[in-house]
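Engineer: Build me a model:
(one chain, ligands or ions: 1)
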Amino acid sequence: AHSSAPMKIVVVGHVDHGKSTLVGRILSETGALPEGKVEYLKEVCEKRGMPFEWAFVMDALQAERDQGITIDTAQIRFATPFRPYVIIDAPGHKEFLKNMITGAASAEAAVLVIDADEGVQEQSRRHGYLLHLLGLRQIAVAVNKMDLVNFGQARFEEVKAEITVYLNSIGVQPTHVIPVAARSGVNISGPAAETPWYKGPSVLAALDGFEAAKPATDLALRFPVQDVYKFDQRRIIAGRIESGRLKVGDTLVFAPTGKSARIASIETWGVNATVAVSAGAGQSIGVTLDEQIFIERGQVASLAERAPSVSHTLRARLFWLGRNGLKVGSRYKLKLATAEYAVEVIAIERVIDVEDLANHPGAEVGRNAVAEVVFRSRTPIAHDSFLDNPRLGRFVVVEDYDIVGGGVIAEAGGVHQAHK
Ligand code: GDP
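Structural biologist: All right, here's what the predicted structure looks like:
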């Protein structure tokens, strides 16, 4: 039994380079598939006179999910003896990007699949770039279909060099580059006779080598205020703890005002409502303070020594969904945790076309484009960088009640002189 939370991974790469096959193999070799599923599908294929494909297994699982037969609805799960995993579905890169950036799915690590015969393709580079853009730093590369190149070391080294040079150019060091034949199961779970020249880990060993994200309770306290209720003489500050922990007696500092007071009591809501001495990430609570200070929805409580950044400007990586393009001077509402800020776009530093990944600085940001932009807010924004604390490091952009974009904060502390 595993006590840790499953590690979230994504499998990306050019179409037909073998993503489904690799995932199917991984599920099979870790015993994660329903018993008899593969045998059954192999039989069906044989009867129809068509070759068996691991992608069929994935399709079958998907079909069952759509019909709601299996209990586990959202994601593909498996486990090694070391820890459990969830593979986040990455159907098209548009969907994937949107989900990653708006927080619907956030992976901790990725496997980039490259066909050994075809080599690095435009889409392989694009996916590597997008992973980097989203703040993913742990990427293992599977050079797949090694059987097509006779398990030749020379070809492997060629592909490895090409992808490594590219990833390095965008600031990513792949954790491992692994020669693989997903269809026949080479280097998936152990050393392979076909590649005696390869001394590195199998795919599963490489996954086990990824560093797990810190659990939210281990991050700095972030308690965004949802509401302030008054009962009799008491004032209760209600919200959900996004990260970290707090306890009675702690001094809370409220950003952006910087006002502070001590926690007099903590209570939890709902059916099991009780009084508590401490609470942690994921819990919805109410606290009372030992002093009357000005508090309103949108403020973020933290502990003094690890407070969030507060600034009027934000540099962010944005995924744009709006019908109208985003331009310098455009004004929006930015929602971050429980706060809402009136913001203006003051710079567009890069616009990355998701189709060709070309950089068009200063251009209007069109629908489905990714951009690096700078916002300025009328009131100071309490925030973290996405890498430091995803909970306070992402936001959505709203225009006329519609969500028109999602973003992650590139660096905490705002933007310095140049843009002020
Ligand atoms: P995806 O589009 O990236 O998910 O690719 P698939 O997993 O659907 O694989 C595309 C094709 O490549 C299928 O016909 C697979 O059988 C084939 N394929 C996958 N892995 C291997 C491999 O290791 N060797 C060979 N020769 N073919 C493979």
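
Engineer: Going by C-alpha atoms from here, please, whenever you check contacts or count neighbours.
Structural biologist: OK.

Engineer: I figured Leu204 was touching Ser189, is that so?
Structural biologist: Yes. Contact criterion C-alpha atoms under 8 Å: Leu204 and Ser189 qualify, at 5.4 Å.

Engineer: Now for the two: what residues contact both?
Structural biologist: Shared contacts of Leu204 and Ser189, defined by C-alpha atoms under 8 Å, 6 or more residues apart in numbering, comprise Ile26.

Engineer: So which helix or strand of this protein has the lowest pLDDT on average?
Structural biologist: helix 93-102 (a mean of 61; mean pLDDT, DSSP states H and E).

Engineer: after that one, next one along is what?
Structural biologist: Toward the C-terminus, helix 93-102 is succeeded by strand 109-115 as the next helix or strand (DSSP states H and E).

Engineer: now for the helix or strand just after that following strand, which elements pack on it?
Structural biologist: Going down the chain from strand 109-115, the next helix or strand is helix 122-133, by DSSP H and E. Applying 3 or more C-alpha pairs under 8 Å, 6 or more residues apart in numbering; DSSP states H and E, we find helix 122-133 packed against strand 7-13, strand 109-115, helix 153-169.

Engineer: so how far is Ala181 from the residue nearest the centre of the chain?
Structural biologist: For the chain, the residue sitting closest to the mean C-alpha position, by C-alpha atoms, centre = their mean, is Ser106 at 2.0 Å. To Ala181, Ser106 is 28 Å away according to C-alpha to C-alpha, to the nearest Å.

Engineer: Give the full set of residues in contact with Thr195.
Structural biologist: Listed by C-alpha under 8 Å, 6+ apart, the contact set of Thr195 reads Phe151, Gln153, Pro179.

Engineer: which non-adjacent residue is nearest Glu194?
Structural biologist: If the residues on either side of it in the chain are set aside, Glu194 comes closest to Phe151, at 6.5 Å by C-alpha to C-alpha, 6 or more residues apart in numbering.

Engineer: Relative to the ligand, which of the helices and strands packed on helix 122-133 is closest?
Structural biologist: strand 7-13 (6.4 Å; C-alpha to the nearest ligand atom).

Engineer: Show me what counts as buried in that closest one.
Structural biologist: Met7, Lys8, Ile9, Val10, Val11, Val12, Gly13 (16 or more other C-alpha atoms under 10 Å).

Engineer: mind putting those in CSV, pLDDT included?
Structural biologist: Listed next are the buried residues of strand 7-13 as CSV, based on pLDDT from 0 to 100:
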residue, pLDDT
Met7, 91
Lys8, 89
Ile9, 91
Val10, 88
Val11, 89
Val12, 86
Gly13, 87
